[in-house]
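Enquirer: quick one: sequence and predicted model below, then my questions.
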Amino acid sequence: MDVDGVNILARGIAACGPEGVVFANLDLRVEPGELAVIAGPGGSGRTSLLLALSGRLRLVAGHLEVSGHVLPAQAAAVRQLIRPARLRPGCELEDRHRVREAITERRLISGASHEAVAGALALVGIDPDRAALVGDLHPADQLLLAVALTAAGTPSGILVDDVDAGLPLAARSRVWAALREVTRTGTTVLATATDPPSGDAAVIRLPANTLDRREGAR
């Protein structure tokens, strides 16, 4: 798997929700093949920023460019480049589906081959029982299954919301390691978390109101 990851440049971006401003005056840069983690407490706008950076939430101010595509005018093109593995609420694997059904559904959406799916599962280090219910898998395996099925379609970027939600420390470490493996294919991974990983991730902290709130970029 060899992917040309997206790059993202944002200057002074802002977004509003039903209750007012979600984030404002935010500058950031994400490089191709980078693990970028939007970190902050609940209600800080993590998921909203994830949606905005992928062309799924319209900004009210600022400049946002994704691999040469300027938003909002070219949001449709950006949505094709960056695909969600998990977005909460609304975009998650169905608990009542069996693993084989989840694989079939995602293959129909992405056009990925059986070989691509097998390679992506190996990449993130899981081999789930195809007859098992998705909801019966360990939460880390549920998340990594969603990541693998998205990565199998070789998008330029992948969205992974709430990476650390409900996971003990060891499981979190395993998921972050798997996401780093995905970035080694060239894919840009945009994730959210309450507690970001240490090491080579680029961390975008919310709330943020100064330039380039990034730590530990590779």
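Expert: That came in fine, so what should we check first?
Enquirer: can you pull up the most central residue in the protein?
Expert: Relative to the mean C-alpha position of the chain, the nearest C-alpha, by C-alpha atoms, centre = their mean, is the one of residue 159, at 1.8 Å.
Enquirer: hmm, residue 85 and it touching each other?
Expert: Yes: using C-beta atoms under 8 Å, residue 159 makes contact with residue 85 at a distance of 6.3 Å. All C-beta spots, glycine's among them, are computed from the backbone N, C-alpha and C.
Enquirer: now find how far off-centre stretch 31-43 is within its chain.
Expert: Its chain's C-alpha centre lies 8 Å from the corresponding centre of stretch 31-43 when counted by C-alpha atoms, centre = their mean, to the nearest Å.
Enquirer: same question for it, mean pLDDT?
Expert: Within the predicted structure, the mean pLDDT of stretch 31-43 is 93.
Enquirer: list the buried ones in that stretch?
Expert: 32-40 (16 or more other C-beta atoms under 10 Å).
Enquirer: okay if I get these as JSON lines plus distance to residue 92 and secondary structure?
Expert: Putting these into JSON lines (distance: C-beta to C-beta, whole Å; DSSP: H, G, I helix; E, B strand; the rest coil) gives the following:
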{"residue": "32", "distance to residue 92": "27", "secondary structure": "coil"}
{"residue": "33", "distance to residue 92": "25", "secondary structure": "coil"}
{"residue": "34", "distance to residue 92": "24", "secondary structure": "coil"}
{"residue": "35", "distance to residue 92": "21", "secondary structure": "strand"}
{"residue": "36", "distance to residue 92": "21", "secondary structure": "strand"}
{"residue": "37", "distance to residue 92": "19", "secondary structure": "strand"}
{"residue": "38", "distance to residue 92": "18", "secondary structure": "strand"}
{"residue": "39", "distance to residue 92": "21", "secondary structure": "strand"}
{"residue": "40", "distance to residue 92": "21", "secondary structure": "coil"}
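Enquirer: pick the one among those closest to residue 192.
Expert: When those are ranked by distance to residue 192 (C-beta to C-beta), residue 38 comes first, at 4.6 Å.
Enquirer: residues in contact with the residue in the chain sticking out farthest from the centre?
Expert: With C-alpha atoms, centre = their mean as the measure, the chain has its most outlying C-alpha, relative to the mean C-alpha position, at residue 131: 26.6 Å. Neighbouring residues of residue 131 by C-beta atoms under 8 Å, 6 or more residues apart in numbering: 98-100.
Enquirer: can you name the helix or strand that residue 21 falls in?
Expert: Under the criterion of DSSP states H and E, residue 21 resides in strand 20-30.
Enquirer: what of residue 48?
Expert: With the criterion set as DSSP H and E, the secondary-structure element containing residue 48 is helix 46-53.
Enquirer: buried set for that helix?
Expert: Of all the residues in helix 46-53, those buried under the rule 16+ other C-beta under 10 Å are 46-53.
Enquirer: rewinding a little: what's in contact with the helix or strand hosting the residue nearest to the centre of the chain?
Expert: In this structure, residue 159 is located in strand 157-160 according to DSSP H and E. For strand 157-160, the external contacting residues (C-beta under 8 Å, 6+ apart) are 5-6, 50, 54, 81-87, 143, 146-147, 150-151, 179, 182, 187-192.
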